[in-house]
Each structure stands twice: as structure tokens, then as C-alpha cells.
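Novice: predicted model follows, preceded by the sequence.
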Amino acid sequence: GENVEQHPSTLSVQEGDSAVIKCTYSDSASNYFPWYKQELGKRPQLIIDIRSNVGEKKDQRIAVTLNKTAKHFSLHITETQPEDSAVYFCAARGPYNQGGKLIFGQGTELSVKP
Amino acid sequence: NAGVTQTPKFQVLKTGQSMTLQCAQDMNHNSMYWYRQDPGMGLRLIYYSASEGTTDKGEVPNGYNVSRLNKREFSLRLESAAPSQTSVYFCASTSSGGSFFEQFFGPGTRLTVL
């Protein structure tokens, strides 16, 4: 089955610096790759996603890139702010005949120091 | 719209007790999911229901059962709770039609098994 590896597990940056989180997936049939942000004690919330027919997507300070050949995708946060501090999860979605289920990475705890 | 709701928010059980976690969504979504979240393990899929009337095992189904009661409701049952089932449980839902893939999460149930 699908397996998603996420690195690093913790990341500490200074306010204003960039942060990059990387994920690899195993199933070449995966076609959708979301990123979720989870603040302490709260539910995961979608911040950006990318489909398999797109190489890059940007939304203000966050961007995601996808390399289908290498089966990896990355989250880029520029001009980090203290409110970006949270746990970030990547995920991969298999084909529809697998019920649209997501397989998540292990998470990255991002700390942005003022 | 309330989105995805879960009850209860917190629960403490003794080993061997049983309980049912309830989940409901008011977004007319076809697919629903149960995850557990443990420190350093990300979100792991327990069971999912791709559509009303169907359920399938996820990554970690042992010790759990589910019921898709109707299109809105998807419950998770622990028949004989064990300390290893201490976790935070999240329910999620998504529309399985068209190209809309985002999974929406409920607020979670924090379960402790003594």
C-alpha cells in the first residue's frame, strides 16, 4: 500500500526566514497531495494542495512543488511568522477506487522564533 | 453549516469497557473516515466508508468496528478498550464526486484508557 515519508520531524527557524518540508510517496498512482496545518489542540486544516497534473502551486507565502518522476513533493513557507508555528502534515491520495483515502506523513513540528 | 461534528470531546475508559464515538457531517459528503493520532505517528486511518452502505479497513483496524448509519453519520466502536487505544480520534469527510478532494476534519475525541 501507499507509504508517505516526511522530513524533518522538527524544524526551527527565525521569523522572516523560509521553511521547507519534504515528503516522498511510494504509489505512483497517487494523484492528489494536500498539506494540512494543525495548531495545538485543534483539528488539521487544509492549507494548500496540488494535483498530479501540476508541478507547482502558490498561495501568498506558501507554495508546493511536485516531482512525479522522483515521487516527492515539498512545502515552502516564505517570510515565516510566529503564527506559522504548528505541526504540518503532508498526505497522498490514491485512485478513487481506493475510496479517496489519504495516507499521511508523520508530521513536522515547525517553530518560528520571533 | 456545522461541518463535521464529533461526540464526545473527552472520554476516560477502563480496560475492557466499550464505547462508541459518534461522527456526523452536514455537507452532503459521500465519503467518511476515522483516524487516530498519536505523538510522532501522524494520522493513521482506522476505517473508511467510501459511500453509504460500504466500509473498508484502513491501516490500523484491529480492535475497532464501524457503522455507516446513513449518509450523514459514521460511528466508531471500541468493543473492549485497551491502553494502546489511548489516542486522539478524528473523523473526516469528503465529497467523492467530481474533482473536489479536500477532507474536512471534526474537532476530535481525546480518549484515555486506564
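Specialist: Structure received. Numbering: from 1, shown residues only, chains lettered A, B, ... in the order given.

Novice: A:Y25 against A:N31, yeah?
Specialist: No: using C-beta atoms under 8 Å, A:Y25 is not in contact with A:N31; the gap is 10.7 Å. (C-beta placed from N, C-alpha, C; glycine too.)

Novice: those two: which is more packed in?
Specialist: A:Y25 (24 against 16; other C-beta atoms under 10 Å in any protein chain shown).

Novice: burial of the nearest residue in space to the more buried one that is not next to it in sequence, as a residue count?
Specialist: Closest residue to A:Y25 apart from its sequence neighbours, by C-beta to C-beta, 6 or more residues apart in numbering or on different chains: A:A92 at 4.3 Å. Neighbour count for A:A92, taken as other C-beta under 10 Å: 26.

Novice: cool, and B:M41?
Specialist: By other C-beta under 10 Å, neighbour count at B:M41 equals 13.

Novice: around chain B, pick out the residues from chain A.
Specialist: Contact residues, chain A versus chain B (C-beta under 8 Å from any C-beta of the partner chain): A:1, A:6, A:9, A:32, A:34, A:42-46, A:49, A:51, A:89, A:91, A:93, A:96, A:99-107.

Novice: could you name the helices and strands sitting against the lowest-mean-pLDDT helix or strand in chain A?
Specialist: Least confident helix or strand of chain A, by mean pLDDT, DSSP states H and E, is strand A:102-104 with a mean of 91. Other elements packing on strand A:102-104 under the criterion 3 or more C-beta pairs under 8 Å, 6 or more residues apart in numbering or on different chains; DSSP states H and E are strand A:86-93, strand B:42-49.

Novice: and chain A, is the last one touching that?
Specialist: Just to be clear, that refers to strand B:42-49. Yes: residues of strand B:42-49 contacting chain A under C-beta under 8 Å from any C-beta: B:G42, B:L43, B:R44, B:L45, B:Y48, B:S49.

Novice: dump that strand to PDB, restricted to CA.
Specialist: Extracted C-alpha coordinates of strand B:42-49, given in PDB (Å, rounded to 0.1, in the frame of the first residue of the first chain):
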ATOM      1  CA  GLY B  42       0.900  11.300  12.200                       C
ATOM      2  CA  LEU B  43      -2.700  10.500  11.400                       C
ATOM      3  CA  ARG B  44      -3.400   6.800  10.800                       C
ATOM      4  CA  LEU B  45      -6.500   5.600   9.000                       C
ATOM      5  CA  ILE B  46      -8.600   3.200  11.000                       C
ATOM      6  CA  TYR B  47     -11.600   2.600   8.800                       C
ATOM      7  CA  TYR B  48     -13.300   4.500   6.000                       C
ATOM      8  CA  SER B  49     -16.600   4.500   4.200                       C
END
